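Visitor: Just the structure for this:
(one chain, ligands or ions: 1)
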Amino acid sequence: MRVGVIGGGNLGSSLIKGFLRSGVLQPDEIVVSEPDEGKARELARLSIGVTSDNRELVRECDVVFIAVKPDLVEPVLKEVEDLSAGKLFVSVAAGVSTAFIEARTRARVIRAMPNLCGAVLQMASAYSKGSRATAEDEKTVAQLLGKLGTTFPVEEDLLGAVTAVSGSGPAFFFYLMKAVQDAGVELGLPKDISFKLAAQTARGASEIVLNSEEKIEELIRRVCTPRGTTIEGMKVLEERKVADAIKEAVKAAARRAEEISR
Ligand SMILES: NC(=O)c1ccc[n+]([C@@H]2O[C@H](COP(=O)([O-])OP(=O)(O)OC[C@H]3O[C@@H](n4cnc5c(N)ncnc54)[C@H](OP(=O)(O)O)[C@@H]3O)[C@@H](O)[C@H]2O)c1
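Guide: Have a look, this model is predicted:
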């Protein structure tokens, strides 16, 4: 199988790095199309095929990930429409529906919402099958994305929620980690140590949540010894209604996903 990625930016390059790191694809099975010369040079170091010609990429590949900004999807589709029959297009563009792509190409289409964590094989993603895609296509995409982390099939109208929770999600968790890190520095820790303590704690907490049968509320209670230290911090989070603010942030991202959808 040859897999193409149109757009080797943040998301496209993280997918490629994940495919290579997981071993699900070999370098000679990947082609990326990227107009920016600097990014193209970086990507060429991975020993994959690199081109600036989207038509050449589509001609060569069976599966084509579309990883350009949402407003560039339409011109890219126009460029490759006559080569699209018999191809599987996997779009990761926020808000661009399978119907939109199907109306402009003859490709079979799956729409996916990955996140940037694919490069470290910790991606959370979901995907939805378009009307022409087959069960075999779904298996191919589930296998490719699944090797990069966790993936779920969902109804297409839920991809806006997925965009907010796990597509945008890394930025929300980076923000929280930075706040904890900065507090550590204000308390006198060297920056590098505070950074690693905060990030490793986030990783450990995630591992526990993913592997525990207990509810998150129960896990919080287990850290909060009565009259201990954590409970004092939790009181501040509750008083400042931080959970409400975070929910609002995720919902704002979902509203934006809805606004830009077509
Ligand atoms: N970033 C995320 O965390 C994330 C998460 C989930 C989904 N997505 C989706 O992924 C898509 C890409 O986002 P991104 O953050 O990776 O954006 P990005 O970093 O700007 O990457 C897009 C890349 O496509 C290149 N490009 C522009 N026009 C092209 C063309 N005609 N043919 C081929 N490549 C072209 C751009 O090159 P230039 O820089 O030269 O324009 C850029 O390198 C978006 O649709 C977004 O909704 C992103």
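
Visitor: Can you list the neighbours in contact with the helix or strand of the chain with the lowest mean pLDDT?
Guide: Within the chain, no helix or strand scores below helix 216-223, which has a mean of 94 by mean pLDDT, DSSP states H and E. The contact list for helix 216-223 (CB atoms under 8 Å, 6 or more residues apart in numbering) reads 208, 209, 212, 214, 230, 234. Any C-beta I mention is one placed from the backbone N, CA and C, and that applies to glycine too.

Visitor: So which bits of it are buried?
Guide: Neighbour-count burial for helix 216-223, counted by 16 or more other CB atoms under 10 Å, picks out no residue.

Visitor: Check which element follows that helix along the chain.
Guide: Counting by DSSP states H and E, the next helix or strand C-terminal to helix 216-223 is helix 230-239.

Visitor: next structured bit after that next one?
Guide: Following helix 230-239 in sequence, per DSSP H and E, is helix 242-259.

Visitor: Report the rounded mean pLDDT for that following helix.
Guide: Per-residue pLDDT over helix 242-259 has a mean of 96.

Visitor: In terms of secondary structure, what does it contact?
Guide: Under the contact criterion of 3 or more CB pairs under 8 Å, 6 or more residues apart in numbering; DSSP states H and E, helix 242-259 touches helix 159-162, helix 169-186.

Visitor: again, only this time at 6 Å
Guide: With contacts taken as 3 or more CB pairs under 6 Å, 6 or more residues apart in numbering; DSSP states H and E, helix 242-259 sits against helix 159-162.

Visitor: just how off-centre is stretch 82-89 within its chain?
Guide: Counting by CA atoms, centre = their mean, to the nearest Å, stretch 82-89 is centred 24 Å from the centre of its parent chain.

Visitor: Contacts for it, please.
Guide: 58, 59, 63, 64, 105, 106, 107, 108, 109, 137 (CB atoms under 6 Å, 6 or more residues apart in numbering).

Visitor: Quick one: residues in contact with the helix or strand containing residue 109.
Guide: If you go by DSSP H and E, residue 109 is part of strand 108-113. Applying CB under 6 Å, 6+ apart, the external contacts of strand 108-113 come out as 88-92, 98, 101-102, 126-130, 132-133, 137, 141, 159, 162-163, 167.

Visitor: helices and strands around the helix or strand that that strand is followed by, which ones?
Guide: Downstream of strand 108-113, the next assigned helix or strand under DSSP H and E is strand 123-129. Applying 3+ CB pairs under 6 Å, 6+ apart, one finds that strand 123-129 makes contact with strand 108-113, helix 135-146, strand 149-153.

Visitor: give me that answer again for 7 Å
Guide: For strand 123-129, the elements it packs on are strand 108-113, helix 135-146, strand 149-153, helix 159-162, judged by 3 or more CB pairs under 7 Å, 6 or more residues apart in numbering; DSSP states H and E.

Visitor: Next up, the contacts around the residue in the stretch 151-262 of the chain positioned nearest to the ligand.
Guide: Residue of the stretch 151-262 of the chain nearest the ligand, by CB to the nearest ligand atom: residue 167 (4.0 Å). Residue 167 makes contact with 94, 113, 115, according to CB atoms under 7 Å, 6 or more residues apart in numbering.

Visitor: now with 6 Å?
Guide: Residue 167 is in contact with 113, 115, counting by CB under 6 Å, 6+ apart.

Visitor: For the contacts of helix 216-223, which single residue is the most surrounded?
Guide: residue 234 (15 neighbours; other CB atoms under 10 Å).

Visitor: Show me which pair in the contacts of helix 216-223 is furthest apart.
Guide: The largest separation in these, counting by CB to CB, is between 212 and 234 at 18.7 Å.

Visitor: Kindly export the least confident helix or strand of the chain (C-alpha atoms) in PDB.
Guide: Only the C-alpha atoms of helix 216-223 are listed here, as PDB (Å, rounded to 0.1, in the frame of the first residue of the first chain):
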ATOM      1  CA  ILE A 216     -11.900  10.300  38.300                       C
ATOM      2  CA  GLU A 217     -13.700  11.800  41.300                       C
ATOM      3  CA  GLU A 218     -12.600   8.800  43.400                       C
ATOM      4  CA  LEU A 219      -9.000   9.200  42.100                       C
ATOM      5  CA  ILE A 220      -9.000  12.800  43.100                       C
ATOM      6  CA  ARG A 221     -10.300  11.900  46.500                       C
ATOM      7  CA  ARG A 222      -7.400   9.400  46.900                       C
ATOM      8  CA  VAL A 223      -4.800  12.200  46.500                       C
END
